[in-house]
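K.L.:
What would the 3D arrangement of this be:
(chains A and B)
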Amino acid sequence: MSIKHHKPLISVENFSFGYDPDKEPLLKELSLTIHQQETILLIGPSGSGKSSLSLCLNGLYPEAVEGWANGEVKYNGTPLNQFKKGEINKEIGVVFQDPESQFCMVTVENELAFTLENIKTPREEMAGKIDSILRTVGLTEEKHRPIHELSGGNKQKVALASVLLLNPALLILDEPTANLDPASRFEFIQLIHSLQQERGFALLIIEHQLDDWLPMVDRVIAINRGGNILLEGKPEDVFYNHADQLKAEGIHIPRIVETVLDGNGGRVPETNRPLSEEGLVSWMNSSGMDRIPTNVQARGTSASGRNEVLSIRDVSFSRGKRSILKGINLSLHEGELIAIVGKNGAGKSTLLQVMSGILNPKTGSRLLLEKSYETWSEREMRKVMGYVFQNPEHQFITDTVYDEIAFGMKLNGVNQDEIEYNVHQLLQRFHLLSHIWSNPFALSGGQKRRLSVATMLEDTPSVLLFDEPTFGQDAQTTKELMQMIQTLQQQGTAIVFVTHDMDLVDSYCEKVYVVNGGEVSFSGKPDELWQKPDILHEAKLRLPFRVRINQLLENLHVDEKEQGVVMAHANIH
Amino acid sequence: MLTSINPTMKAFAVLIPALLLAFTFDPLTPFIYLVFTVAVTFFTGEVAFKRWILIVSPFLLLAASFAWMTMLHPGGAFSGGDVLFSLWSFQVTTESFRAGISLGLRSLSFAALSLLFILTTDSTKFMLSLMQQCKLPPKLTFGILAGYRFLPTFRYELQVLRQAHRIRGVGRARGVKERMHQFRRYAIPLLANAIRKAERVALAMESKGFTGETDRTHYHEMTIQTRDWVFVIVFVAMFFVSVFLSYQLGFLNIFGKQF
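P.N.:
Numbers count the residues shown, from 1 in each chain, chains lettered A, B, ... in the order given. Presented below is the predicted three-dimensional model:
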């Protein structure tokens, strides 16, 4: 692409931004450019100011947060502050992460109309524009439906559609797929890809999970914890030549890159540096790798011979007339790690709540440590079973990190010295000792997550339930969390988690339950699930990276063999 | 038919008689108006009877208790007349009985009028109409609409919060002090999240080019037509009709003064 010949669409010069003038700025002296039709991937650890930067680019920050900024952002050569209010937003559209808080109208149609009204589209043109954009994103059927009834994937498509109505020259995507199930996520990315080819807008993508975006990326910009630009360049240069640097900052490396580096003994291949799954497959084929090995050591040994700690037989649950769970059977053994997967709204979280005893089903039986749930006292049950909620903040009940951990022990009448000792032990283990007197709400995202887990561990619980534990976490936090979970597993704690992350399931879980429409449509080893495309498709799941690549490789081998046979035939004749 | 009346005009059609009714202290005027309101609700409002009864029943109870209290504790002006019956030391006289029934019927009329409005009005259209007809600033109207979308989320979050605290071993609060403490524990995360969400929505709205300016085009043009005026006039006129009827029948009492 002859990008360099154009004048830049956006140029950022020595730009700094911060919330509090007395503290260190969040972004320090950044300089970067975005050209027309260019696709840029912006990466960095959580809290490095990626989202703030994107909002500075469309002129909403620093005013919206009463922050301060230095330096200049120019759009087409004109500084942002010379644009009239609202003018620049027509040129730069943003799709945000949270599908729940991007809309102000009730129905899809009215939400789209809201955008058109903002830019003073004449009334006669509105209906036509709404219909055409709905066709573009494939939501014609949903035109009159209330937005809150749509699936997460469709909500994000509405958000995208309403931004596209502005006809922006630059589209900023701020982790738009973080809350979506794997299949909807992939679908959304494909949609963006085809829209960009059709409409030719520039793209700034902020993401943690990089692989699916990579084939469309022209340039990567990495920001470090300090708010400086760490690296900038072509994706193959950034990811292959600076992988160690990125890892040290806690940034996810694309798995494609990781696989190549691992397969090549850590060295960067000189000629071919693949960035797509197809590219990876042909690289592996040419360098003689026949598959990505299973991450066996992460998985525990088989469940047979270990005690059953939790069992659910024929449990059904309904809310009003709506039946949410139907005839669920599930069993969990000591030291086992199982995952519950399925599309949004399939009943995964409800199942977890039934297992935790917060919700009581109408029919069926539940046993915890061979005792029926009904015979457990609330306090005793909470001692042997922990539950970590999706949003750690929901679990905080005191004003300091210390009290948060000591709370349960005080409740159980543990003596002061022991409390003191245990709290320090736990805080040390979770790297929170330096925050012992902080308010839990003032911690960073990763710290909050660690604290919420730590509060469940005053005694070593027999069962620990997690609702999307890795949701919205960067590479570093995810890794730390999984290490913690594995340590617990080795101590004999049985662990259940609800997740959308199939790679997590593939590399850590012994058993996986697929919940679809309130029923368990599959239970068994992950490897067996990967052989069942129908079930995966119906539950809006996707094969994990390892399996996808291995299947592609196998197909390639089959094709080659067939070709070989044809060649052989040709030689005979 | 009721659903298509301009929401702002409908609001006036409901508010004006409600205000006027507040001054009629006899039982007949509010009764006639109540019958009229209910008749309009069912004949032109496409409101399901079952749903209406379900919503109105708590008001029925409330109205009955208002009436009962007024009968037992009438103000000085209404304690005259013959004693109808007495209960312990309370004496219910004809006048206090009349005042009580009047208050009960008035409260029911208010309830019926409010329901007529609420059950037949789309909240989005009401806000759009307030913006277009009453020139309310868009910042306010779209802000209210965005907030309206959050109500269900808020309830859901409170439920999750309760569960999460139960998991931590926080029992049910007993006593005032513990309740206050628990309220604070719920309030902080709820508020923190509400503020965060409000901020996000505001950013999303501004990102879609919303500036709060009054100069904008309208997808749903809310207009006032002749029939909207007719609707208001009929509702106000009907008040005077019921006043006239109760005057003819000798019931009329305005602000404690018998006519």
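K.L.:
Mind splitting the chain into its structural domains?
P.N.:
Defaulting to chain A. As assigned by automatic domain parsing, chain A contains the domains A:3-253, A:257-289+A:543-573, A:306-540.
K.L.:
Can you look at chain B instead?
P.N.:
Split by automatic domain parsing, chain B gives B:2-127+B:222-258, B:138-207.
K.L.:
between these, which gets nearest to chain A?
P.N.:
Smallest distance to chain A across those (Cβ to the nearest Cβ): 3.7 Å, for domain B:138-207. (Glycine included, C-beta is placed from N, CA and C.)
K.L.:
Report the distance from the closest one to the chain centre.
P.N.:
Put simply, domain B:138-207 sits 25 Å off its chain's centre (Cα atoms, centre = their mean, to the nearest Å).
K.L.:
Which residues are in contact with B:W52?
P.N.:
With contacts defined as Cβ atoms under 8 Å, 6 or more residues apart in numbering or on different chains, B:W52 is in contact with B:41-42, B:115, B:119.
K.L.:
same check, this time on A:N58
P.N.:
Residues near A:N58 by Cβ under 8 Å, 6+ apart: A:88-89, A:92-94, A:172, B:207.
K.L.:
Next: A:K143.
P.N.:
A:107-109, A:130-131, A:134.
K.L.:
which bits of the stretch 51-200 of chain A sit near chain B?
P.N.:
Contacts of the stretch 51-200 of chain A with chain B, taken as Cβ under 8 Å from any Cβ of the partner chain, map to A:55, A:58, A:60, A:64, A:85-86, A:89-90, A:93-94, A:96, A:98, A:100-107, A:110, A:113-123, A:126, A:147-148, A:159, A:162-163, A:166.
K.L.:
In strands, which of these appear?
P.N.:
Counting by DSSP state E, the part of those found in strands is A:93-94.
K.L.:
Just the buried subset of the residues of the stretch 51-200 of chain A next to chain B, please.
P.N.:
Neighbour counting with 16 or more other Cβ atoms under 10 Å in any protein chain shown marks A:55, A:58, A:60, A:86, A:89-90, A:93-94, A:96, A:98, A:100-107, A:110, A:113-119, A:121, A:126, A:147, A:159, A:162-163, A:166 as buried within these.
K.L.:
Check residue 148 and give its pLDDT.
P.N.:
You didn't say which chain, so I picked chain A. At A:H148, the model reports a pLDDT of 86.
K.L.:
Wait, chain B was what I had in mind.
P.N.:
pLDDT recorded at B:Y148 is 87.
K.L.:
what about B:A11, how many residues close to it?
P.N.:
19 (other Cβ atoms under 10 Å in any protein chain shown).
K.L.:
now swap in B:R227 and tell me
P.N.:
14.
K.L.:
go on, the one 3 residues further on?
P.N.:
Neighbouring residues of B:V230 were enumerated by other Cβ under 10 Å; the total is 13.
K.L.:
where does it land in three-state SS?
P.N.:
helix (DSSP: H, G, I helix; E, B strand; the rest coil).
K.L.:
same check, this time on B:S65
P.N.:
Applying three-state DSSP: B:S65 is helix.
K.L.:
separation between it and B:S102?
P.N.:
15 Å (Cβ to Cβ, to the nearest Å).
K.L.:
These two: who's more crowded?
P.N.:
For the pair B:S65 and B:S102, the greater number of neighbours falls to B:S102 (23 against 12), based on other Cβ under 10 Å.
K.L.:
pLDDT score for that one?
P.N.:
So, for B:S102, pLDDT stands at 91.
K.L.:
again with B:T120
P.N.:
Reading off the model, B:T120 has pLDDT 91.
K.L.:
Could you do the one 4 residues further on as well?
P.N.:
Note for B:T124: predicted pLDDT of 91.
K.L.:
and the helix or strand encompassing it, what does it pack onto?
P.N.:
Element membership for B:T124 (DSSP states H and E) is helix B:123-133. Secondary-structure packing of helix B:123-133 (3 or more Cβ pairs under 8 Å, 6 or more residues apart in numbering or on different chains; DSSP states H and E): helix B:7-21, helix B:138-167.
K.L.:
Do you know the pLDDT at A:Y373?
P.N.:
So A:Y373 comes in at 93 (pLDDT).
K.L.:
What of A:G472?
P.N.:
A:G472 is given a pLDDT of 67.
K.L.:
ok, which pair from the contacts of A:K143 is furthest apart?
P.N.:
A:T107 and A:D131 (14.3 Å; Cβ to Cβ).
K.L.:
What is the neighbour count of B:G80?
P.N.:
11.
K.L.:
scratch that, B:S109 is what I was asking about
P.N.:
Here the number of neighbours of B:S109 (other Cβ under 10 Å) works out to 27.
K.L.:
That one and B:L20 touch, don't they?
P.N.:
No. Using Cβ atoms under 8 Å, B:S109 and B:L20 do not qualify as a contacting pair, with a distance of 10.6 Å.
K.L.:
In this structure A:I397 contacts A:F407, no?
P.N.:
Yes. With contacts counted by Cβ under 8 Å, A:I397 reaches A:F407, the gap being 6.5 Å.
K.L.:
Grab the most central residue of chain B for me.
P.N.:
Nearest residue to the geometric centre of chain B (Cα atoms, centre = their mean): B:S114, 4.4 Å.
K.L.:
Buried residues, the one helix or strand that one maps to. List them.
P.N.:
Assigned by DSSP H and E, B:S114 falls within helix B:94-120. Neighbour counts using 16+ other Cβ under 10 Å place B:95-117, B:119-120 of helix B:94-120 among the buried residues.
K.L.:
ditto for stretch B:10-26
P.N.:
B:10-14, B:17-18, B:20-21, B:24-26.
K.L.:
try stretch B:132-143
P.N.:
B:132-133, B:136, B:138-139, B:141-143.
K.L.:
Tell me how far the longest helix seen in chain A lies from the chain's centre.
P.N.:
Secondary structure of chain A per DSSP state H: the longest helix is helix A:545-572. Offset of helix A:545-572 from its chain centre (Cα atoms, centre = their mean): 34 Å.
K.L.:
what mean pLDDT does it have?
P.N.:
Here the average pLDDT along helix A:545-572 is 79.
K.L.:
What's the separation between whatever residue of the stretch 451-573 of chain A ends up closest to chain B and A:K90?
P.N.:
In the stretch 451-573 of chain A, the residue found nearest to chain B is A:T455; the distance is 6.8 Å by Cβ to the nearest Cβ. Per Cβ to Cβ, A:T455 is found 47 Å from A:K90.
K.L.:
Repeat that for A:K247.
P.N.:
Applying Cβ to Cβ, the value for A:K247 to A:K90 is 39 Å.
K.L.:
same question, A:E117
P.N.:
13 Å.
K.L.:
ok, now A:Q102?
P.N.:
According to Cβ to Cβ, A:Q102 and A:K90 sit 17 Å apart.
K.L.:
is it true that A:K74 lies in a strand?
P.N.:
Yes. In this structure, A:K74 lies within a strand as judged by three-state DSSP.
K.L.:
Turn the helices and strands packed on helix B:123-133 into TSV, columns for distance to A:Q486.
P.N.:
Shown next, in TSV, are the helices and strands packed on helix B:123-133 (distance: least, Cβ to Cβ, whole Å):
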stretch	distance to A:Q486
helix B:7-21	59
helix B:138-167	23
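K.L.:
Minimum distance to B:F90: which of those helices has it?
P.N.:
Of all these, helix B:7-21 sits nearest to B:F90, with 27.4 Å by Cβ to Cβ.
K.L.:
Please export the C-alpha coordinates of that closest one as PDB.
P.N.:
What follows is helix B:7-21, C-alpha atoms only, in PDB (Å, rounded to 0.1, in the frame of the first residue of the first chain):
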ATOM      1  CA  PRO B   7     -47.900  12.600  24.800                       C
ATOM      2  CA  THR B   8     -47.500  16.200  26.000                       C
ATOM      3  CA  MET B   9     -51.100  17.000  25.200                       C
ATOM      4  CA  LYS B  10     -52.200  13.900  26.900                       C
ATOM      5  CA  ALA B  11     -50.200  14.900  29.900                       C
ATOM      6  CA  PHE B  12     -52.000  18.200  30.100                       C
ATOM      7  CA  ALA B  13     -55.300  16.500  29.500                       C
ATOM      8  CA  VAL B  14     -54.600  14.400  32.600                       C
ATOM      9  CA  LEU B  15     -53.000  17.000  34.800                       C
ATOM     10  CA  ILE B  16     -55.600  19.800  34.500                       C
ATOM     11  CA  PRO B  17     -58.600  17.800  35.600                       C
ATOM     12  CA  ALA B  18     -56.500  16.200  38.300                       C
ATOM     13  CA  LEU B  19     -55.600  19.600  39.700                       C
ATOM     14  CA  LEU B  20     -59.200  20.800  39.500                       C
ATOM     15  CA  LEU B  21     -60.500  17.600  41.100                       C
END
